[in-house]
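Novice: Kindly return the folded structure for what I paste below:
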Amino acid sequence: MVREQYITTSEDVGNLSPVPEYIYKIGIYGWRKRCLYLFVLLLIIILVVNFALTIWILRVMWFNTEGMGLLQVTADGVRLEGESEFLFPVYAQEIDSRDDSDLLVHSTENVSLNARNENGNVTGRLSVGPQTALGYGQHFTVSSKNDKMLFQADGNEAVVGVGKLRVTGPEGGLFEHSVETPLVKGDAQEDLRLDSPTRFVTMDAPKGVHLKAHSGNAEVMSNMDILLHSSEGLLILDSGALRLLNLPEGEAGASSGNTQGFYEVCVCPSGKLFLSKAGVTSTCSERQEC
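Specialist: Numbering: from 1, shown residues only. Okay, here's the model as predicted:
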């Protein structure tokens, strides 16, 4: 407290007027003072708690000079050690594994990889789920380690670039449409079978079709007709023995001087084959019932 006294004088110098006393109190007292101290104490407590939480977060997240825990920031990008879990989409230009370990991408639902253009539209997508794996894109290519095309597919065709396509399933390969190939070959210990249960099997080539069986038999069976047609050439059956079973025997053929039971094979103008008893001269005639 500061006490100030003011002395006033009148015209009569000898007479002094009474001196009033004015007292000014400077400071905070009472409940205001207690509230101020309580507020300062609360600020100190909040500052200590924040500092403790900051130290705890730094220790839990493993912050260091190189990065955060297993996450290291290098000049080439970001490096992760161990297993990492991402709760939201990850955008990266390139993801590589270590030289001595594999890259494993695991998910309880599915794993999707999307490629987008500059407009943000998805141009390619690979989705691997618990039951199916789907790929979407204009072109699909499988290459070897020396950058040789092994398999390529698009909306028009599928190309196998290897020298040999081998089907090892017990039921073979099923083709719903035509197949173009220079060679169809069976395994050395297995038979080669071309089968169409309800339709036709057609083999066509601009310069010829060759059927070869090096160590076994070549059989052609059909419930209906078997047609062998050559537009500009010969039909050659090259074999040590050619057997045509169940050929009909002509009834109008002449058998002059034949007693040995020999027959000759005759061909009708329509191409039908039949047997006729052989004689000194040919017994085939256009008068045979064709």
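Novice: for this protein, what spans make up the helices?
Specialist: Along the chain, the segments classed as helices by DSSP state H run 31-60.
Novice: Low-confidence stretches in the protein?
Specialist: Along the chain, segments meeting pLDDT under 70 span 1-27, 251-260, 280-281, 285-290.
Novice: tell me the domain ranges of it?
Specialist: Here the chain is described, according to the TED database, as comprising the domains 23-75, 124-160, 262-289.
Novice: So which bits of the last one are buried?
Specialist: Applying a neighbour-count criterion of 16 or more other Cβ atoms under 10 Å, the buried positions in domain 262-289 are 263, 264, 266, 274, 275, 276, 277, 278, 283, 284, 288. Using the backbone N, CA and C atoms, a C-beta is placed for each residue, glycine as well.
Novice: Residue 81 and residue 74 touch, don't they?
Specialist: No - Residue 81 lies out of contact with residue 74 (Cβ atoms under 8 Å); the separation is 12.0 Å.
Novice: Show me the contact partners of stretch 140-148.
Specialist: 149, 150, 151, 152, 153, 154, 161 (Cβ atoms under 8 Å, 6 or more residues apart in numbering).
Novice: got it, and stretch 58-70?
Specialist: Under the contact criterion Cβ under 8 Å, 6+ apart, stretch 58-70 has outside partners 72, 73, 78, 79, 80, 81, 82, 84.
Novice: distance of the nearest residue in space to residue 282 that is not next to it in sequence from residue 63?
Specialist: Take residue 282 and drop its neighbours on the chain: the residue closest to it by Cβ to Cβ, 6 or more residues apart in numbering is residue 264, 6.9 Å away. Shown here: residue 264 relative to residue 63, a distance of 101 Å by Cβ to Cβ, to the nearest Å.
Novice: So what's the gap between stretch 236-247 and the chain middle?
Specialist: Chain-centre distance of stretch 236-247: 50 Å, with Cα atoms, centre = their mean, to the nearest Å.
Novice: In it, which residues are buried?
Specialist: Those buried within stretch 236-247 under the rule 16+ other Cβ under 10 Å: there are none.
Novice: Send me it as CSV with only the CA atoms.
Specialist: Written as CSV, here are the backbone C-alpha positions of stretch 236-247 (Å, rounded to 0.1, in the frame of the first residue of the first chain):
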residue,chain,number,x,y,z
ILE,A,236,-1.0,-91.1,-101.0
LEU,A,237,-1.3,-94.0,-98.6
ASP,A,238,2.2,-95.2,-98.0
SER,A,239,2.4,-98.4,-95.9
GLY,A,240,3.8,-101.9,-96.1
ALA,A,241,0.2,-103.2,-96.0
LEU,A,242,-3.1,-101.5,-96.5
ARG,A,243,-6.2,-103.1,-95.2
LEU,A,244,-9.7,-102.0,-96.0
LEU,A,245,-12.0,-104.0,-93.9
ASN,A,246,-15.7,-104.7,-94.5
LEU,A,247,-15.7,-103.6,-98.1
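Novice: mind starting the numbering at 43 from now?
Specialist: All right, first residue 43 from here; so that's stretch 278-289.
Novice: what's the closest non-adjacent residue to residue 226?
Specialist: Counting by Cβ to Cβ, 6+ apart, the residue nearest residue 226 is residue 234, at 6.9 Å.
Novice: wait, what's in contact with the most centrally placed residue in the chain?
Specialist: Averaging the C-alpha coordinates of the chain gives a centre point, and the residue nearest to it by Cα atoms, centre = their mean is residue 177 (4.5 Å). Taking Cβ under 8 Å, 6+ apart, we find residue 177 in contact with 167, 168, 169.
Novice: I'd like those residues as a markdown table, with neighbour count appended.
Specialist: A markdown table is the format used below for these (neighbours: other Cβ atoms under 10 Å):
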| residue | neighbour count |
| --- | --- |
| 167 | 14 |
| 168 | 15 |
| 169 | 14 |
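Novice: what number of residues lie near residue 292?
Specialist: By other Cβ atoms under 10 Å, 21 other residues sit near residue 292.
Novice: wait, it sits on residue 320?
Specialist: No - applying Cβ under 8 Å, one finds residue 292 not in contact with residue 320, separated by 11.5 Å.
Novice: how about the strands in the stretch 93-242 of the chain?
Specialist: 109-110, 113-115, 120-122, 153-158, 164-170, 175-178, 182-185, 191-195, 200-202 (DSSP state E, counting those that start in this stretch).
Novice: For residue 269, which of those strands is the nearest?
Specialist: Ranking these by proximity to residue 269 (Cβ to Cβ) places strand 200-202 first, at 29.9 Å.
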